[in-house]
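Asker: heads up, no residue letters with this:
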C-alpha cells in the first residue's frame, strides 16, 4: 500500500463571485463581459472557461458564475453595470460560496459515491462543469486540466461536504485541510 493518499481535499482561498444573467445570443453582451473580465462566456451547456485569475462557469442558458480574486468583485460588478445595456443582472454572491479542490488517484471513485452524475472522464473531461446533488448537498463540480476537480458549495454546507468526503475516501487514504 502506498504512503500517498488516494484522495486529497484542499480548501481554497475565498474568492469573489458574481452571478451574471443576460442574453448569450447578444454579441454586445458577450463582448462587454469578455472586455471587463478577460474571459469569454461559455455558451455551451456544462462548460467553463478560465483566463488568468478569472473563471466563468455556465449555470444555465442565460446564467453564469464569474469567479475572481477576492476583493475584485465590487469593481468588476461596477464595470459590468457601466458597459452592459438592455436586460441583464449582476449580483455579488461572494459570501455564499466555499471552494474546494479534490485530487489524487482515487478522486473519481469518491465523486461517483457522492453524486448520481457520471463523472467518468469520457463524460466529464477537463472544461466541463455541472450543478448536481453532492452527498445530499448541492455543488458545482468542474473538471480541471490537471485532473483535479473544483467543488463550489454553499458555505453553510462546506464542513458537511468536507467531512463526507473524508469518510468516503477513508478506504483510499485521505489527506485534507
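Answerer: Sure thing, it's come through. Note that the structure is predicted; figures quoted are calculated from it, not measured. Residues are numbered from 1 along each chain as shown.

Asker: Who are the packing partners of the helix or strand harbouring residue 112?
Answerer: Element membership of residue 112, judged by DSSP states H and E, is helix 107-114. Applying 3 or more CB pairs under 8 Å, 6 or more residues apart in numbering; DSSP states H and E, we find helix 107-114 packed against strand 7-11, helix 158-168. C-betas here are computed from N, CA, C, even on glycine.

Asker: Give me the next element, helix or strand, following it.
Answerer: As assigned by DSSP H and E, the chain's next helix or strand after helix 107-114 is strand 129-134.

Asker: quick check: mean pLDDT across that next one?
Answerer: Mean per-residue pLDDT for strand 129-134: 96.

Asker: mind listing what's buried in it?
Answerer: Applying a neighbour-count criterion of 16 or more other CB atoms under 10 Å, one finds 129, 130, 131, 132, 134 buried in strand 129-134.

Asker: and the next element down the chain from it?
Answerer: Assigned by DSSP H and E, the successor of strand 129-134 is strand 137-143.

Asker: list the buried ones in that next one?
Answerer: Neighbour counts over strand 137-143 (16+ other CB under 10 Å) mark 137, 139, 140, 141, 142, 143 as buried.

Asker: Just name the most buried of the helices and strands packed on helix 107-114.
Answerer: strand 7-11 (a mean of 19; mean count of other CB atoms under 10 Å).

Asker: ok, the helix or strand that that one is followed by: who's next to it in the sheet?
Answerer: Counting by DSSP H and E, the next helix or strand C-terminal to strand 7-11 is strand 15-21. Counting by DSSP bridges, the strands paired with strand 15-21 are strand 63-69 (antiparallel), strand 89-92 (antiparallel).

Asker: Check what contacts the longest one and list those residues.
Answerer: Residues outside strand 63-69 that contact it (CB atoms under 8 Å, 6 or more residues apart in numbering): 15-21, 37, 39, 41-42, 53-59, 76, 93, 99, 140, 152.

Asker: Distance of residue 53 relative to residue 16?
Answerer: 10 Å (CB to CB, to the nearest Å).

Asker: So, low pLDDT: which residues of the chain?
Answerer: For the chain, the stretches with pLDDT under 70 are 1-2.
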